[in-house]
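Trainee: sequence and predicted structure below; questions after.
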Amino acid sequence: MEDYDNSFYSNLKWMLDNDPSIAMKTFSETVDFFGQEKVIDLIPNGRNKDVTNDNKTDYILKVSFYKLYEGIKT
């Protein structure tokens with residue numbers, strides 16, 4: 001991830017070392033799809049599940065997989 005998107009990698013690294021609840025992240029990603037924002041759930045109903053200290057590792061795995069594989073697949 002560090003070579004693909006260094007600033008995103010830095011944000012994920014920060015999340016590992018700190019409490020992610022202050023970032024107000026959910027298990028979803030918002031992407032620009034031809035000028036329209038589209039919310040992609042990383043897990044079922046992910047836009048309604050907050051990232052916490054207990055699940056931040058799972059979030060990092062899922063968002064990294066999305067960025068590196070699913071997001072560029074098409």
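Mentor: Yep, it's here. Numbers count the residues shown, from 1 in each chain.

Trainee: center of this structure, which residue is that?
Mentor: residue 63 (3.7 Å; C-alpha atoms, centre = their mean).

Trainee: can you pull out the helices in the chain?
Mentor: Along the chain, the stretches classed as helices by DSSP state H are 6-17, 56-65, 71-73.

Trainee: quick one: the residue nearest to the centre of the chain from residue 7, how far?
Mentor: Distance from residue 63 to residue 7, counting by C-beta to C-beta, to the nearest Å: 14 Å. For every residue, glycine as well, the C-beta is placed using N, CA and C.

Trainee: again, but for residue 66
Mentor: Residue 66 sits 17 Å away from residue 7, going by C-beta to C-beta.

Trainee: please tell me how far the closest residue to residue 59 other than its chain neighbours sits from residue 18.
Mentor: Once flanking residues are discounted, residue 59 sits nearest to residue 51: 4.6 Å by C-beta to C-beta, 6 or more residues apart in numbering. As judged by C-beta to C-beta, residue 51 and residue 18 stand 12 Å apart.

Trainee: same thing with residue 7?
Mentor: From residue 7 over to residue 18 the distance is 16 Å, taken as C-beta to C-beta.

Trainee: out of those two, which sits in the more crowded spot?
Mentor: It is residue 18, of residue 7 and residue 18, that has more neighbours when counted by other C-beta atoms under 10 Å, with 12 against 7.

Trainee: which residues sit in contact with the more buried one?
Mentor: Contacts were defined as C-beta atoms under 8 Å, 6 or more residues apart in numbering; by that measure residue 18 touches no other residue.

Trainee: thanks again, I'm all set now.
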